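Chemist: heads up, no residue letters with this:
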């Protein structure tokens, strides 16, 4: 980039020039991030940080997350939120990504904390899809800790926050009902899911679980019909092969 090349030609840059270089490097990091060039974004952000940019920790952390460098992302995003006011535009997104960085590593207690903190931010309140996703992940964390009642309630909050994402919430609630031994309720929720979300990516799994629930209730004919529906609708799915 021309601006950076010009600055680099200055042998003894003043404090003002170094400040300008910091901003140029930060903006280059942002541009590369938007373009999906995460390694380049990481590099520019690192250089901006070396010149004192605290904001660059955010871009660097987001870039690292997208490269699967979860521990590095955690370190940089935590550094960012420790030096940034809660009302700053990127603060909420940093919490959200931190939640996912821990979630990807199955560190569910830490993920729980960050998703929970994210849910109360302006970013979450202004983006119901992002908020519903965070609620689902928060519920997943509780589910992994076998706190099924708490998880069930949070899945319901996710469903009410953004109905478009409710197929996953309903599926998980149905699964919890199965764990409780409430197979009639499990069937009811999965039937509702199939009716409201006909094109859900969880459709094959839902039909499989519905068939299993019918077996548990002794409704063998309904189970057979459900498994046949699964095979006809999702013939290439793994669930169809084991039905």
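Modeler: Okay, I see it. Note that the structure is predicted; figures quoted are calculated from it, not measured.

Chemist: Please identify the helix or strand for the spatially most central residue of the chain.
Modeler: In the chain, the centroid-proximal residue (C-alpha atoms, centre = their mean) is residue 100; its distance is 5.3 Å. Element membership for residue 100, per DSSP states H and E: helix 91-104.

Chemist: ok, residues contacting that helix?
Modeler: For helix 91-104, the external contacting residues (C-beta atoms under 8 Å, 6 or more residues apart in numbering) are 58, 61-62, 65, 70, 73-74, 77-78, 80-81, 84-85, 108, 110-115, 117-118, 121-124, 130, 134, 137-138, 140-141. (C-beta placed from N, C-alpha, C; glycine too.)

Chemist: Which members of those are classed as buried?
Modeler: When the contacts of helix 91-104 are checked for burial by 16 or more other C-beta atoms under 10 Å, the buried set is 58, 61-62, 65, 70, 73-74, 77-78, 80-81, 84, 108, 110-115, 117-118, 121, 123-124, 130, 134, 137-138, 140-141.

Chemist: Just the ones in helices from those residues, please.
Modeler: Among those, the members found in helices (DSSP state H) are 58, 61-62, 65, 70, 73-74, 77-78, 80-81, 108, 110-115, 117-118, 123-124, 130, 134, 137-138, 140-141.

Chemist: burial of residue 234, as a residue count?
Modeler: Other residues near residue 234 come to 18 when the count uses other C-beta atoms under 10 Å.

Chemist: Now do the phi/psi pair for it.
Modeler: phi -130, psi 60 (degrees, to the nearest 10).

Chemist: just for the chain, where's the confidence low?
Modeler: 2, 5, 8 (pLDDT under 70).

Chemist: Toward the C-terminus, what is the element adjacent to the biggest helix by length in it?
Modeler: Assignment by DSSP H gives helix 15-34 as the longest helix of the chain. Moving toward the C-terminus from helix 15-34, the first helix or strand encountered (DSSP H and E) is helix 38-50.

Chemist: can you list contacts of that next one?
Modeler: 22, 25-26, 28-30, 32-33, 53, 56-57, 59-60, 63-64, 66-67.

Chemist: in the helix or strand harbouring residue 216, what's buried?
Modeler: For residue 216, the element it lies in under DSSP H and E is helix 203-217. By neighbour count with 16+ other C-beta under 10 Å, helix 203-217 contains the buried residues 203-215.

Chemist: Any chance of the residues you listed in CSV with distance to residue 96 as columns?
Modeler: Listed next are these as CSV, based on distance: C-beta to C-beta, whole Å:
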residue, distance to residue 96
203, 27
204, 29
205, 26
206, 27
207, 32
208, 31
209, 29
210, 32
211, 36
212, 34
213, 34
214, 38
215, 40
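
Chemist: out of everything not next to it in sequence, what's closest to residue 197?
Modeler: Nearest residue to residue 197, sequence neighbours excluded (C-beta to C-beta, 6 or more residues apart in numbering): residue 167, at 3.8 Å.

Chemist: OK, contacts around that neighbour?
Modeler: Applying C-beta under 8 Å, 6+ apart, we find residue 167 in contact with 193, 196, 197, 200, 201, 202.
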